[in-house]
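Enquirer: predicted coordinates and the sequence they were generated for:
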Amino acid sequence: MTGPHAPADLRAAVRGAAARLAEAGVPSPDVDAVALAAHVLRTTASQVRTAMVVGAPAPDPAAYGALVEQRVSRVPLQHLTGRAAFRRLELAVGPGVFTPRPETEVVAGLAIDAARAVVAAPVVVDLCTGSGAIALAVADELPSATVYAVELGEDAHAWAARNVADTGLPVTLVHGDATTAFPELDGTVDVVVSNPPYIPVGMVPVDPEVRDHDPELALYGGSEDGLAIPLAVGARAAALLRPGGVLVMEHADSQGESLPRALERTGCWRDVHDERDLTGRPRATVATRA
């Protein structure tokens, strides 16, 4: 993409990048090629697509080519652009924090719906907040809510703090352990939401973007079935929630039966059921505090 044969216009550059990404097996080559061009040009993806139609000049070939090659090596797109879209927000992300995924937007939506059902101003706690995505989405879409969030990872907490500052949304963020967080709120919380580490120990993720770039602290659930940490977080949620309060917890698509059953066995929950994501896969367990 550099040298005398570098593409002369934006359309050719983006199409060439997309072909390179597709050849390397990157899952969404066209989208990624446009996003990287937008990053180099400091504009939006939609503006890049418009500019492609009218034959705008190609982006700097060295800068664009370097980003494309990093994406070929499966560095996450969000690490290259430094941004991740999440519901109505755009968040800062990078090495050391779990990149928020589209399926987690469904989990955030379930928590927002549960909080919206509360008559008075709801209190919502996000355990294992990572980049702060879920907590910030709740604060953004439900201004009446009082939102708390906790993150154990030092790097992830720093990204979450940046996102709280950048968005200006009223989230009380602490650096600490989700299994002991916010003892002052015990018995008063309306909704607890969590995307905890849940990958079974020994099960290595297939996607290089996850396996090689997401922090292990955010991935592995601490046991062969991956449920040790989710259940510890669930126990904390049971202490935080008032009777009738709601827990929303993301899980692996293989845990759509095992997590609800495990929560039921604790005796702390009623109306335990599972929800699917937009692809139809089991994604989140919803339970009401008994």
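Expert: Sure thing, it's come through.

Enquirer: surely C268 touches R289?
Expert: Yes: at 6.7 Å, C268 and R289 qualify as touching, with contact defined as Cβ atoms under 8 Å. No exception for glycine: its C-beta is placed from N, CA and C like everyone else's.

Enquirer: neighbour-wise, which of the two wins?
Expert: The neighbour count for C268 versus R289, taken as other Cβ atoms under 10 Å, is higher for R289 (22 against 19).

Enquirer: returning to what we had before: which residues do C268 and R289 both contact?
Expert: Common neighbours of C268 and R289, using Cβ atoms under 8 Å, 6 or more residues apart in numbering, are A238.

Enquirer: gap between the two ends of stretch 108-122?
Expert: 15 Å (Cα to Cα, to the nearest Å).

Enquirer: contacts for that stretch, please.
Expert: Applying Cβ under 8 Å, 6+ apart, the external contacts of stretch 108-122 come out as 86-87, 124, 126, 133-134, 137-138, 141-142, 144-146, 190-191, 193, 246, 248, 275, 284, 286.

Enquirer: mind running it again at 6 Å?
Expert: Contacts with stretch 108-122, where a contact means Cβ atoms under 6 Å, 6 or more residues apart in numbering, come from 124, 134, 137-138, 141-142, 144-145, 190-191, 193, 246, 248, 284.

Enquirer: how many neighbours does T44 have?
Expert: T44, neighbours per other Cβ under 10 Å, totals 12.

Enquirer: what sits against the nearest residue to it once chain neighbours are set aside?
Expert: Once flanking residues are discounted, T44 sits nearest to A38: 5.7 Å by Cβ to Cβ, 6 or more residues apart in numbering. Listed by Cβ under 6 Å, 6+ apart, the contact set of A38 reads T44, A45, V48.

Enquirer: list phi and psi for the second one.
Expert: What it means is A45. Phi and psi for A45, reported as degrees, to the nearest 10, are phi -60, psi -40.

Enquirer: V34 is in contact with that one, correct?
Expert: Yes: between A45 and V34 there is a contact at 5.0 Å, judged by Cβ atoms under 6 Å.

Enquirer: and for R20, nearest residue in space, chain neighbours not counted?
Expert: In space, and not counting its chain neighbours, R20 is closest to V68: 5.9 Å by Cβ to Cβ, 6+ apart.

Enquirer: after the strand or helix carrying the one you found, which helix or strand is next?
Expert: Using DSSP states H and E, V68 maps to helix 61-72. Using DSSP H and E, the helix or strand that follows helix 61-72 in sequence is helix 77-81.

Enquirer: mean confidence for the following helix or strand past that next one?
Expert: The element immediately downstream of helix 77-81 (helix or strand, assigned by DSSP H and E) is strand 83-86. Strand 83-86 carries an average pLDDT of 92.

Enquirer: what's near enough to touch the closest residue to E103 other than its chain neighbours?
Expert: Spatial nearest neighbour of E103, excluding adjacent residues (Cβ to Cβ, 6+ apart): D277 at 4.3 Å. Going by Cβ under 6 Å, 6+ apart, D277 touches E103, V106, R283.

Enquirer: top of those residues by neighbour count?
Expert: Result: R283 is most packed of the contacts of D277 (other Cβ under 10 Å), 23 neighbours.

Enquirer: can you tell me the helix or strand for that residue?
Expert: Assigned by DSSP H and E, R283 falls within strand 282-289.

Enquirer: each with direction, which strands does that strand pair with?
Expert: strand 241-250 (antiparallel), strand 269-276 (antiparallel) (DSSP bridges).
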